[in-house]
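Chemist: turn this into a model:
(one chain, ligands or ions: 1)
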Amino acid sequence: MHIRKNDEVIVINGDDRGKKGKVNRCIPRENRLVVGGVNMCKRHMKPRANIKQAGIIEMEAPIHVSKVMLICGKCHEPTRVGYRILDDRSKVRVCRECGEVID
Ligand SMILES: [Zn+2]
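Modeler: Residues are numbered from 1 along each chain as shown. A predicted model of the protein is given here:
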């Protein structure tokens, strides 16, 4: 996926449009991400020995990767992601707005 853990993203679609957050988790198999503070849902947790917090808790539900855009750490603009192959053949992500390497 073109977005990775700890990237900052902005939501461009759905109820949370315009919200920004940091990617906490990637689920490449489903093309989904868990973004901090985005797509909150309520869960009813029953008290069990291994669960510290019972009752109704709020947590982030995974959001589809197509609903977010990466925010470039250099120009701080939402951007599409390009790729560049370096001299040592490693592939890095680049910002299409300012051309800076993101990784
Ligand atoms: Zn940029």
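Chemist: which residues in the protein form strands?
Modeler: 8-11, 20-27, 32-35, 40-45, 55-60, 63-64, 68-71, 78-79, 81-85, 91-95 (DSSP state E).
Chemist: can you tell me which of those strands is most buried?
Modeler: Sort the strands of the chain by mean neighbour count, taking mean count of other C-beta atoms under 10 Å, and strand 32-35 sits at the top with a mean of 23. All C-beta atoms are positioned from the backbone trio N, CA, C, and that covers glycine.
Chemist: circling back to that earlier point, with mean pLDDT and distance to the ion as added columns, please give the strands of the chain in CSV.
Modeler: CSV is the format used below for the strands of the chain (pLDDT from 0 to 100; distance: least, C-beta to the ion, whole Å):
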stretch, mean pLDDT, distance to the ion
strand 8-11, 98, 12
strand 20-27, 97, 15
strand 32-35, 98, 19
strand 40-45, 90, 28
strand 55-60, 92, 26
strand 63-64, 97, 22
strand 68-71, 97, 9
strand 78-79, 97, 6
strand 81-85, 96, 10
strand 91-95, 96, 3
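Chemist: number of residues surrounding the residue nearest to Ala54 when sequence neighbours are not counted?
Modeler: Closest residue to Ala54 apart from its sequence neighbours, by C-beta to C-beta, 6 or more residues apart in numbering: Pro47 at 3.8 Å. Using other C-beta atoms under 10 Å, Pro47 has 9 other residues around it.
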